[in-house]
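> this one's sequence-less:
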């Protein structure tokens, strides 16, 4: 365990979860392309059509698992004074996905070819 730059502890479990998240995201992009290859959609077009469904499923899953605790702890009230902070997470996530999507797809395709 070491201290991270933001003051949090960096653990092996956290690093493993981050690596697993990156790997599954790359795999998701590759599998999405495999499913959509007959539709003649590019990576970006496929993401355009699938992103709303993915976002809805993530919000529903997150709310199902964490909604009650969020309401009981009162943390939900922290979002109310600044709803733009919550609303900006979507475009920020989209920008991060756009920046890393092509690189992750290329790396995953290379791994599948070998």
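Arrived safely. Being a predicted model, the structure only gives us computed values, none of them experimental.

> Please count neighbours and contacts with C-alpha atoms only from this point.
Fine.

> Look at residue 44 and tell me its secondary structure.
At residue 44 the chain is in helix, as set by DSSP: H, G, I helix; E, B strand; the rest coil.

> So it versus residue 10, what's the distance?
Using Cα to Cα, to the nearest Å, one gets 34 Å for the distance from residue 44 to residue 10.

> how about residue 75, phi and psi?
The phi/psi pair for residue 75 (degrees, to the nearest 10) reads phi -70, psi -20.

> Let me know how buried it is, in neighbour terms.
A count of nearby residues for residue 75, using other Cα atoms under 10 Å, gives 11.

> okay, it: pLDDT?
Residue-level confidence at residue 75 comes out at 80, pLDDT.

> cool, and residue 104?
At residue 104 the predicted local distance difference test score is 62.

> again with residue 64
pLDDT recorded at residue 64 is 91.

> so which strand or helix has residue 18?
helix 12-36 (DSSP states H and E).

> Show me which residues of that helix are buried.
Of the residues in helix 12-36, those scored as buried under the neighbour-count criterion (16 or more other Cα atoms under 10 Å) are 25, 26, 27, 29, 30, 33.
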